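S.K.: 3D, please:
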Amino acid sequence: MTEAKFDQYARSYDSLHNESLTASGESLEYFSAYKRECLERLGAPVNEPLLDYGCGIGNVTGALTETFQQVHGFDPSSESLRVARENVPRATFHDDFGNLPDAHYSSAVVSCVLHHVPHAEHASLLGRLREKLKPGGRVFVFEHNPLNPLTRRVVATCPFDDDAVLLYPWYAKRLLKDAGFRDVKLEYIVFFPRPLAFMRPLEPRLGWLPAGAQMLIVGER
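M.R.: You can find the predicted model right below:
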């Protein structure tokens, strides 16, 4: 992971990201809460340990702490973790993945991280993450959907996504299976911009439709 790069963006991350999201009509807070609501909908245990892998400055981490009682975050960027600790004092943050206990977490969130990681490292990353999950624990991987042209435009205009290589759905699903996860499922999420917010209650029924701006891949240890 590019820790030095995200050290550079830690203090400007929110403003730069919000600029790139203008077309959606929503801010980072909306998308962070959306991810928390996905975990709630899919029954992630609220009273058991949860790991936010690649947590950055803690946007998703903070949203998770509104529901989940034991939220941990990991990121290799020391400056990002410094901001995360300021923003989310209720969470516990780690800078050394090797020190995290094995077979400890019931849920792990990987939110828009893998497109910054070289493809050759994906399998080993997810394999190591799998070891941190309890038997029966689940990983929730959120990624941009490259089949959506608006998503590709947003990524292309975001300064810290200049190294992003988006994961195609079939690759992402196979990746989790190859890393040892079972019962792997993929659904598309985030369909309607703010002007069409009245249609958002339909989104959980549209998970089969490849038009969503993002995708969620879930696998069980």
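
S.K.: Following element in sequence after the worst-scoring helix or strand of the chain on mean pLDDT, please.
M.R.: For the chain, using mean pLDDT, DSSP states H and E, the weakest element among its helices and strands is helix 13-20, scoring a mean of 55. Using DSSP states H and E, the helix or strand that directly follows helix 13-20 along the chain is helix 28-41.

S.K.: Could you give the average pLDDT over that next one?
M.R.: Averaging pLDDT along helix 28-41 yields 95.

S.K.: what comes up buried for it?
M.R.: Buried residues in helix 28-41, counted by 16 or more other Cβ atoms under 10 Å: 28, 31, 32, 33, 34, 35, 36, 38, 39. Every C-beta, even on glycine, is put in place using the N, C-alpha and C of the backbone.

S.K.: got it, and stretch 126-145?
M.R.: Buried residues in stretch 126-145 (16+ other Cβ under 10 Å): 126, 129-130, 132-134, 137-145.

S.K.: cool, and stretch 170-184?
M.R.: By 16+ other Cβ under 10 Å, the buried positions in stretch 170-184 come out as 172, 173, 175, 176, 179, 181, 184.

S.K.: Other residues contacting the longest strand belonging to the chain?
M.R.: Looking across the chain with DSSP state E, the single longest strand is strand 133-144. Outside strand 133-144, the residues that touch it by Cβ atoms under 8 Å, 6 or more residues apart in numbering are 35, 38-39, 42, 44, 48, 103-112, 114-115, 126, 129-130, 151, 154-155, 164, 166-167, 172, 176, 181, 189, 213-221.

S.K.: Please apply the same query to stretch 183-199.
M.R.: Applying Cβ under 8 Å, 6+ apart, the set of residues contacting stretch 183-199 from outside is 23-26, 31, 34, 38, 142, 145, 169, 172-173, 176-177, 200, 202-203, 206-220.

S.K.: Good, we can wrap up now.
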